[in-house]
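Asks: based on what follows, work out the 3D shape:
(one chain, ligands or ions: 2)
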Amino acid sequence: MEITPRQLKAIQIVCRGFFKNDDGDPLELTDGQAEIFWSIYNPSLQRVQIMTTTQYGKSLTVALSALYTAKRRKAKVAIVAPTDKQGGIIMDYIISHLFDNEFFTKGLIDVTGIEKMRTQKTRDRLVWLDGAEIRVLTVGASNVTAKGLGVMGFHADIIIEDESSLIPDSHHSKVTRMLGGNVRKSKMVKIGNPFFRNHFYNSWHNDRFYKIFIDYKRAIAEGRLTEEFVEEQKTSGMSKEDFGVMYLVQFPDRVADDAVFEYDTVEKTKIAKDFKIDGWRVAGLDLSRGGADATVLTIFEIDDHNLRVLKQYENNETSDSIQVGNWAIDLCIENKVGILGYDALGLGGAIGDYIMNLPEVKFDVVEYKAGNKAVDNNFANIKSQLVFTLRTWSERGQVDFSMCSGQMFIDLLGLNKKRASDRSLRVVDPQDSPDYLDSLLAGLFTVWGGNKVNITVL
Ligand SMILES: Nc1ncnc2c1ncn2[C@@H]1O[C@H](COP(=O)(O)OP(=O)(O)OP(=O)(O)O)[C@@H](O)[C@H]1O
Ligand SMILES: [Mg+2]
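Replies: Numbering: from 1, shown residues only. Ligands and ions are numbered 1, 2, ... in the order given. Predicted coordinates for the structure are as follows:
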């Protein structure tokens, strides 16, 4: 079954009649959005999966169609989101369009609360006298218990998962089971970007699903995105893989699923480059936590475009704070360093204090804490942000590690990544702590740790 041009027009007319845009004018759906709207509304489609480029209007269209479908068909609709924030976005769309037409506010239970609803957008539930109902549920945390949902005693006629791929397999199956008391009768709509090869990947290859696919080219053709915007995203530091997920709407490669640095990228950094760097000379210090790991000092030069490591020093001789501090200071002076970043974990704090307070230290000294909050909230912490920025520079050939210790490349290849349900990326260290890389990161923090970081990974 496919949508016909006439059905498409009809949906667009309905939306113009029932919904308003932010300016109060009739709301226009693009053809692709109208098909998404229809796929939710049409009861003969029982399984639907929609993948589109980011910012296409997925969440808005889901909200509009859920509202219209619930009312028109007196249906119970559950919208499931991976995080509170995501659930909130959908509910905001629903509530702001609830007042577009009397059809939606009539019969709404708790009419006295309607005005409150306009301002206080924390409601997760709309109920009408005729049995229509919309609920927004969040399943991001690990707390989707049978009890939690069972208490609700809510069985949905239509289950819509927004950002479905970010809902883990275990949660997805639980939610489906619990909401669809009679699974065969409930309709399931999954929508989002293809972040993972999980249940979202499986259903995409399942013949029972009606599928809608909209990549950035179609979004441009429909006027939802512009050529310039996409070009800017591509060149602004987004990785190839993220561009694939967000704009080409492709599932990530299985091999690249969790390694941060691909082999080819690391090889690229090994090649000596002839770029001239007109910027700063920086040092990064990672201190031994005793035992097996080493204290490493990395000296590099960097400007807005390029990075070159000049030297890496290792000290295994002592873990005495003062001696290590003096060793680092001498090397910084010898290498005419302008700024030193040091990893402040454990012993680091004491050594940092010592260095900072010596009168002969003329260079700046900056404390770095890997676990601190990232500037860009696409990352779980500052270390992850630094690592992904480094990866982007490396992929683009802006990094010269030809003078690095061989251990540096082992460190890079050992990093894994994890994506949390709020989309943020986290770097996971290999078992042996990557001292060479960490010392570089402590230095990079002094340059990239502020607000000036030029990277976007959605
Ligand atoms: N037909 C339309 N008319 C007016 N505004 C629209 C339309 N479609 C989308 N928008 C606007 O575009 C923006 C993105 O919409 P939405 O949040 O629904 O996209 P999305 O695909 O869910 O994005 P994300 O990938 O970030 O989740 C919103 O500001 C929304 O109001
Ligand atoms: Mg969305």
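
Asks: all strands for the stretch 1-150 of the chain, in order.
Replies: 47-52, 76-81, 125-127, 133-138 (DSSP state E, counting those that start in this stretch).

Asks: show me what contacts Ile333?
Replies: Taking Cβ atoms under 8 Å, 6 or more residues apart in numbering, we find Ile333 in contact with Phe363. (C-beta placed from N, C-alpha, C; glycine too.)

Asks: and it, helix, strand or coil?
Replies: Assigned by DSSP: H, G, I helix; E, B strand; the rest coil, the conformation of Ile333 is helix.

Asks: and what of Met188?
Replies: Under three-state DSSP, Met188 falls in the strand class.

Asks: Gln46 versus that one, what's the distance?
Replies: Here the distance between Met188 and Gln46 works out to 7 Å (Cβ to Cβ, to the nearest Å).

Asks: just name the most buried of the strands of the stretch 1-150 of the chain.
Replies: Ranked by mean neighbour count, these are led by strand 76-81 with a mean of 26 (mean count of other Cβ atoms under 10 Å).

Asks: and for that one, what's in contact with it?
Replies: 62-63, 66, 69-70, 87, 89-90, 131-140, 154-163, 167, 175, 179.

Asks: dump it to PDB, restricted to CA.
Replies: Provided in PDB are the C-alpha atoms of strand 76-81 (Å, rounded to 0.1, in the frame of the first residue of the first chain):
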ATOM      1  CA  LYS A  76      -5.400   5.900  22.900                       C
ATOM      2  CA  VAL A  77      -2.000   7.000  21.800                       C
ATOM      3  CA  ALA A  78       1.300   6.400  23.700                       C
ATOM      4  CA  ILE A  79       4.300   8.400  22.600                       C
ATOM      5  CA  VAL A  80       7.500   6.800  24.000                       C
ATOM      6  CA  ALA A  81      10.800   8.800  24.100                       C
END
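
Asks: partners of it, with directions?
Replies: Strand pairing for strand 76-81, determined by DSSP bridges: strand 133-138 (parallel), strand 158-162 (parallel).

Asks: mind putting those into JSON lines with mean pLDDT and distance to ligand 2?
Replies: Below are the strands paired with strand 76-81 laid out as JSON lines (pLDDT from 0 to 100; distance: least, Cβ to the ion, whole Å):
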{"stretch": "strand 133-138", "mean pLDDT": "87", "distance to ligand 2": "13"}
{"stretch": "strand 158-162", "mean pLDDT": "93", "distance to ligand 2": "6"}
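
Asks: quick one: closest of these to ligand 1.
Replies: Ligand 1 lies closest, by Cβ to the nearest ligand atom, to one member of those: strand 158-162, at 7.3 Å.

Asks: check which element follows the closest one along the chain.
Replies: Once the chain leaves strand 158-162, the next helix or strand it forms, by DSSP states H and E, is helix 169-179.

Asks: what helices and strands are in contact with that following helix?
Replies: strand 76-81, helix 146-150, strand 158-162, helix 199-204 (3 or more Cβ pairs under 8 Å, 6 or more residues apart in numbering; DSSP states H and E).

Asks: show me what counts as buried in it.
Replies: Under the neighbour-count criterion of 16 or more other Cβ atoms under 10 Å, helix 169-179 has 171-172, 174-176, 178-179 buried.

Asks: ignoring the adjacent residues along the chain, who's closest to the closest residue to ligand 1 within the stretch 1-150 of the chain?
Replies: As assessed by Cβ to the nearest ligand atom, ligand 1 sits closest to Gly57 within the stretch 1-150 of the chain, at 2.9 Å. Sequence neighbours aside, Gln33 is the residue nearest to Gly57 in space, at 5.4 Å (criterion: Cβ to Cβ, 6 or more residues apart in numbering).

Asks: for the one you found, what are its contacts?
Replies: Counting by Cβ under 8 Å, 6+ apart, Gln33 makes contact with 56-57, 61.

Asks: swap in Ile271?
Replies: Taking Cβ under 8 Å, 6+ apart as the test, what Ile271 contacts is 400, 402.

Asks: residue numbers of the stretch 51-200 of the chain in contact with ligand 1?
Replies: 52, 54-60 (Cβ under 6 Å from any ligand atom).

Asks: Throw those residues into TSV and include pLDDT, thanks.
Replies: Listed next are those as TSV, based on pLDDT from 0 to 100:
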residue	pLDDT
Thr52	98
Thr54	94
Gln55	94
Tyr56	97
Gly57	97
Lys58	96
Ser59	95
Leu60	97
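
Asks: so which strand or helix has Tyr342?
Replies: strand 339-343.

Asks: the next helix or strand after that strand: which residues count as buried?
Replies: Next along the chain after strand 339-343, taking DSSP H and E as the criterion, comes helix 347-356. Using 16+ other Cβ under 10 Å as the test for burial, helix 347-356 gives 347-349, 351-352, 354-355.

Asks: picking that back up, which of the buried residues of helix 169-179 lies closest to Arg426?
Replies: Ranked by distance to Arg426 (Cβ to Cβ), the buried residues of helix 169-179 are led by His171 at 18.9 Å.

Asks: correct me, but that closest one touches Glu161?
Replies: No. Assessed by Cβ atoms under 8 Å, His171 is found out of contact with Glu161, at 9.8 Å.

Asks: filter the buried residues of helix 347-356 by proximity to ligand 1?
Replies: Within those, nothing lies near ligand 1 by Cβ under 6 Å from any ligand atom.

Asks: make TSV from these and add pLDDT and distance to Phe409 to it.
Replies: Formatted as TSV, the buried residues of helix 347-356 follow (pLDDT from 0 to 100; distance: Cβ to Cβ, whole Å):
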residue	pLDDT	distance to Phe409
Leu347	71	26
Gly348	75	24
Gly349	78	29
Ile351	84	27
Gly352	85	28
Tyr354	88	32
Ile355	89	29
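
Asks: which SSE is Leu386 in?
Replies: helix 382-395.

Asks: for the residue of the stretch 1-150 of the chain closest to ligand 1, give me its contacts.
Replies: 30, 33, 224.

Asks: among the residues you listed, which are in helices?
Replies: Gln33 (DSSP state H).

Asks: closest to Glu231 out of the contacts of Gly57?
Replies: Arg224 (15.4 Å).

Asks: now that closest one, nearest residue through space, not along the chain?
Replies: In space, Arg224 is closest to Tyr56, 5.4 Å off (Cβ to Cβ, 6+ apart).

Asks: coming back round to it: need the buried residues of helix 347-356 in JSON lines (columns: distance to Phe196).
Replies: Below are the buried residues of helix 347-356 laid out as JSON lines (distance: Cβ to Cβ, whole Å):
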{"residue": "Leu347", "distance to Phe196": "39"}
{"residue": "Gly348", "distance to Phe196": "36"}
{"residue": "Gly349", "distance to Phe196": "38"}
{"residue": "Ile351", "distance to Phe196": "41"}
{"residue": "Gly352", "distance to Phe196": "39"}
{"residue": "Tyr354", "distance to Phe196": "46"}
{"residue": "Ile355", "distance to Phe196": "44"}
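
Asks: hmm, Leu137 is touching Gln86, no?
Replies: No. At 10.9 Å, Leu137 and Gln86 do not qualify as touching, with contact defined as Cβ under 8 Å.
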